[in-house]
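Undergrad: heads up, no residue letters with this:
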Ligand SMILES: Nc1ncnc2c1ncn2[C@@H]1O[C@H](COP(=O)(O)OP(=O)(O)OP(=O)(O)O)[C@@H](O)[C@H]1O
């Protein structure tokens, strides 16, 4: 990150924003969003590609850039750095199916955990096989899903932490990254021996019941999502499938959580208890599920995320019904995130407009000058432009005579043409006559054995043949031509710019 300048990040944000409705973002669009001249954008993009933050791809219809996970990480980390939340990133301490967990530090070097969501990483790999433009949903799935997965986790962490549940303290969330407190301990799955399994079992089971009382069911309460801290107390570190107790399958999830813990204790610590909670015993007293919804993680987001998890398809949420509402949710979320950047962009855009305006003024005055100069010019005998005032009388005479001569020649040619047309008419009439009488008669000929109409036909045929034979370039070659065309249009567009 040290080697990147503010402009690089600006371009990176422009690519990210462009990806809201493009799988591959064209250079022109990046330049327009970033409000930076295309040449500078192109330079910044080549640096970003070198650092593997952006990928350039040739699509079916157009070429463009897309941000990858590393680029997205950089954007989130930079924002967290500038907010004074993160000061350093350390080793990777965990890798899940859908996240990478790193230990980090704040600017005062206190330990932190950075959890980078990677939801849709599988479908992200398959992007190459997919279409250029998002079909129904107007944004990129992995960006959206990773972002809402992080938002969901952060929301739950916050709500649970406020209610004194044993969870890591949430610090901040940005894009797909959550910053939270580091738990000094080990995941339950890696602990071979506990001093008092009965006590731990009781603690865990009462956690399930307590969550139920607050209107929530964990849904994935297992040894991988629980940690024991240095004091031997259980901590819940992950809740990807937390649902409301009003969920239609709430009882199933509740029982599954209880069975999971009972089974694990039997297998691992050889402990089995006769006592275990039943769903009907849980008395709901609080509405944490409602609080979660009120905190910004909407029902639609939850629906999209659950679809992705349940169907294992990271584009499962792409259906027409959810399209508008979710998109609006995301828009609203992004609007708040881009506030500062937008301000900067507006200034840059204003400058751009100003430059364009200045450019067009210059162009207009140049055009006027050119018109004036053109009016003063005449073509000399040898085909060169010559100012009128420099033309002497003698030359002027010759010039006029040449024009007259050309005009005479033209009238002669016209006359000849008329005559030929008349002859053709006679010839056609004669042919008709022969056909009707069935005898041969001598016909008028203009000296050529092939009629003029035949020649015309042949010429048209040959021209068409030549057209057909024109080589059609495909694949990479066509991309090269397309690029050249684009470059030419860029040069044309910016030809009047002050560089
Ligand atoms: N706050 C934390 N403090 C210390 N370690 C943590 C913390 N959060 C996560 N970890 C470590 O990172 C690992 C992965 O975390 P987590 O289970 O949250 O990831 P995940 O992607 O949701 O995993 P999966 O989806 O495979 O269950 C944990 O096993 C744990 O070792």
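TA: Received, thanks. Quick caveat, the model's predicted, so the values are computed rather than measured. Numbers count the residues shown, from 1 in each chain.

Undergrad: per-residue pLDDT, whichever residue of the stretch 201-350 of the chain sits closest to the ligand?
TA: Closest to the ligand within the stretch 201-350 of the chain is residue 238: 3.6 Å, counting by Cβ to the nearest ligand atom. Heads up, the C-betas are built off the backbone N, CA and C, glycines and all. Here, the pLDDT recorded for residue 238 equals 90.

Undergrad: count of neighbours near it?
TA: For residue 238, the count of nearby residues is 24 (other Cβ atoms under 10 Å).

Undergrad: Quick check: closest non-adjacent residue to it.
TA: Using Cβ to Cβ, 6 or more residues apart in numbering and skipping the chain neighbours, the partner closest in space to residue 238 is residue 225 (4.1 Å).

Undergrad: got the contact list for that neighbour?
TA: Applying Cβ atoms under 8 Å, 6 or more residues apart in numbering to residue 225 gives the contacts 218, 236-240.

Undergrad: hey, where'd the strands end up in the chain?
TA: Under the criterion DSSP state E, strands of the chain are mapped to 54-58, 63-67, 88-95, 99-105, 111-117, 170-174, 177-180, 185-187, 216-217, 226-229, 234-236, 243-244, 377-379, 385-387.

Undergrad: Go through the ones you listed and name the closest to residue 37.
TA: strand 63-67 (16.5 Å; Cβ to Cβ).

Undergrad: same question for that closest one, mean pLDDT?
TA: 90.

Undergrad: How about stretch 178-189?
TA: Mean predicted confidence for stretch 178-189 is 95.

Undergrad: and it with the ligand, contact?
TA: Yes: for stretch 178-189, a contact with the ligand is found by Cβ under 6 Å from any ligand atom, at 180, 182-183, 187.

Undergrad: pLDDT score for residue 35?
TA: At residue 35, pLDDT is 90.

Undergrad: The chain should start at 42 in everything you say after this.
TA: Noted, 42 is the first residue going forward, which turns the last one into residue 76.

Undergrad: quick one, phi psi at it?
TA: For residue 76, the backbone dihedrals are phi 70, psi 30 (criterion: degrees, to the nearest 10).

Undergrad: How much space separates it from residue 449?
TA: 62 Å (Cβ to Cβ, to the nearest Å).

Undergrad: more neighbours, those two?
TA: Legend: neighbour count by other Cβ under 10 Å for residue 76 and residue 449, higher for residue 76 (19 against 10).

Undergrad: where's that one relative to residue 54, distance?
TA: From residue 76 across to residue 54, the span is 11 Å (Cβ to Cβ).

Undergrad: now residue 140
TA: From residue 140 across to residue 54, the span is 23 Å (Cβ to Cβ).

Undergrad: do the same with residue 260
TA: On the measure of Cβ to Cβ, residue 260 and residue 54 end up 35 Å apart.

Undergrad: Please apply the same query to residue 343.
TA: Distance from residue 343 to residue 54, counting by Cβ to Cβ: 27 Å.

Undergrad: got it, and residue 136?
TA: Counting by Cβ to Cβ - residue 136 and residue 54 are separated by 27 Å.
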